[in-house]
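Enquirer: got a sequence here, can you model it:
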Amino acid sequence: MEKYFKRGKENTPTIDFDPETGLFEISGKSIPEDSLGFYEPVMDWLKEYVANPREKTIFSFKLEYFNTSSSKLLLDIFYILEEIKEGLVINWYCEESDEDMEETAGDFNEVLDNEINVIKY
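Expert: Residues are numbered from 1 along each chain as shown. As a prediction, this is how the structure comes out:
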C-alpha cells in the first residue's frame, strides 16, 4: 500500500498516512468548501488500510480548527478506525488553553469504542 500524503492549504489540513511505519497524522485547519469531496479519498484509503493494518497504528489529530461539516467527517474517520481491534492509539493534540478542542475530543470519546488520548501542549 502506498503512502497517502496531501499537503495542507489555507483551508485544508495536511494528511500524512504512512502504512509502513503505522504513523498517521491530520494537521492544520479543516474548513474546506467541500468537506466530503476533500475527505472521501482519505476515508477510502483508510478503509483499505484497516482491512490489513500494521501491528501498531498511531493516529494523531493536530487540528487548530475545523468546521461543522469537517467534524462529521472526522467522526466517520473514527468509525473507520474502530475496525482496527488491536494496536490502535489515537492522539488528539490541543493547546493547553483550548478548552473547545479538548471538549470536542471528550465528545468523540463518548460515542466511540476506542479511547482518544488528549495531549496538551
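Enquirer: longest strand anywhere in the protein?
Expert: Selection of the longest strand in the chain by residue count, based on DSSP state E, yields strand 57-66.
Enquirer: what pairs with that strand, parallel or antiparallel?
Expert: strand 23-30 (parallel), strand 88-94 (parallel) (DSSP bridges).
Enquirer: can I get those in JSON lines with distance to Asp100?
Expert: In short, each C-beta sits where N, CA and C put it, glycine included. Compiled in JSON lines, the strands paired with strand 57-66 are given as follows (distance: least, C-beta to C-beta, whole Å):
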{"stretch": "strand 23-30", "distance to Asp100": "14"}
{"stretch": "strand 88-94", "distance to Asp100": "8"}
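Enquirer: who wins for proximity to Asp113 among those strands?
Expert: Proximity of the strands paired with strand 57-66 to Asp113 was assessed by C-beta to C-beta; the nearest stretch is strand 88-94, lying at 10.1 Å.
Enquirer: which element follows that closest one toward the C-terminus?
Expert: Next along the chain after strand 88-94, taking DSSP states H and E as the criterion, comes helix 99-111.
Enquirer: thank you kindly, that will do.
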